[in-house]
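Visitor: how would this look folded up:
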Amino acid sequence: MLLFKPRKKSSELLTLEYLNTRMSLSPKDKHYYISLKKGYEGEKKFDLWTENLQCECIILNDLLLKVNNTTFQIDALIITADKTYLYEVKNFEGDYIFDPRTNKFFFIKSKQEIINPLHQLERCESLLNQLLPKHGFNTPTKGAVVFINDEFTLYQAPPDEPIIFLSQLKKHFKNLNAISAPLSRHHFLLAEKLQSLHITDPPYKQIPAYNYEQLQKGITCRKCHSFSIHIKRLKAACEACGHAELIAEAVIRSVREFQLLFPEENITSNIIHDWCREIKLKKTISNILSQHFTARGNNRWIYYE
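Guide: You can find the predicted model right below:
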C-alpha cells in the first residue's frame, strides 16, 4: 500500500474552525462548520481502514478535480492492478429510510429529505470516467458509498446498489487484499496525473465575513482550543486541559492561523504581538519570527514570510 496523497483539513474547514474559536458564528455558519467537521472525521475513520491494506495499491485522498468546467470531489480513491475504486464517505448518524418509489433518502426523526448519496457517487464516477480518457487512461472504475458511522441505520436499504455499511468494510477490504496482481508503471503515472490535476484552492467557499477587530486575540490551546493559556518559562500551558507546548511552537502555530485568516496582511512583530496577547515581550515575538521565518524589508519596515 502506498499513501500517495494523505488527507488533511481543507482551508475552508480550518478557517471555520479558527473563526468558531474566535467569534460567534451565525446558526447557519455554525451548522455548516459542524457538517464539514463531521464529514472530515468520518473520512479519517475510513482512512484507518485503507491505511491497513496489504495489497499492492495506491491511495489518493480528498481529490478535487475538474472536467468540462465541472468540479467534483472524490473522498478516497484506491488504484489497484485490476481497477480504480472510488468512495463517497458519509458520516451520517441516526435512523434513515430509503424510499424505492422516489429513490430518495429521508432522516426519519425530522422527516427531512437529504441529498441522495448514490446520486453523488454516480455523478462523481461519471465525471471521473470523462476525465481519465482525456489524459490517456482507460482504467475501469468502481464506486461505492460508505456509511462509516456505527450509529447509522438505513431502513429499506436497496441491496443491489453500491452501498457499503460499517459492518461490511472488513469483508470489502479482505477482498481487496486478495488482489495479487502487481502494479505497473501505468498505475503510478495515473496517480501522478490525478495528483497534478488536484485543485488545491476550491473555487467556492462558504466563509462568513469577518475582520481583525471582531476576532478574539490570544494563543489558543492546540488540544482543547480554549484561550486558557498560561506562559511559564519556555512553555505555553493550558489551564483548562493541562496540555503544554513550547512557546515558539505556540507562536508559530498562531502565525499560521493568522496567515490563513488574513492572507493579504504582512507578518510583523507588532501584529503578531497583538495577536498573541499572552506573550508580554515584543522581543520574544521578534526572536521567534526571525528564527523561523524569512525577514524582508529594513528597520521599522521589517516583515516576515
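Visitor: Okay, buried residues for stretch 38-49 please.
Guide: For stretch 38-49, the neighbour count (16 or more other CB atoms under 10 Å) marks 39-40, 42-43, 45-47, 49 as buried. For every residue, glycine as well, the C-beta is placed using N, CA and C.
Visitor: What of stretch 78-87?
Guide: Neighbour counts over stretch 78-87 (16+ other CB under 10 Å) mark 78-80, 84-87 as buried.
Visitor: now swap in stretch 244-259 and tell me
Guide: Neighbour-count burial for stretch 244-259 [16+ other CB under 10 Å]: 244-245, 247-248, 250-255, 257-258.
Visitor: How about stretch 178-185?
Guide: Neighbour-count burial for stretch 178-185 flags 179, 183 (criterion: 16+ other CB under 10 Å).
Visitor: which residues are contacting it?
Guide: By CB atoms under 8 Å, 6 or more residues apart in numbering, the residues outside stretch 178-185 that reach it are 55-58, 79-82.
Visitor: just to revisit the earlier point, just the buried residues of stretch 78-87: which are in strands?
Guide: The strands, defined by DSSP state E, take in 78-79, 84-87 from those.
Visitor: Low-confidence bits of the stretch 151-300 of the chain, can you list those?
Guide: For the stretch 151-300 of the chain, no stretch has pLDDT under 70.
Visitor: what are the ranges of the helices in it?
Guide: Counting by DSSP state H, counting those that start in this stretch, the stretch 151-300 of the chain has helices at residues 169-177, 185-197, 247-261, 269-275, 282-292.
Visitor: So which other helices or strands are in contact with the last one?
Guide: So that's helix 282-292. Helix 282-292 sits against helix 247-261, helix 269-275, with contacts defined as 3 or more CB pairs under 8 Å, 6 or more residues apart in numbering; DSSP states H and E.
Visitor: cool, and the shortest one?
Guide: Counting contacts by 3+ CB pairs under 8 Å, 6+ apart, helix 269-275 packs against helix 247-261, helix 282-292.
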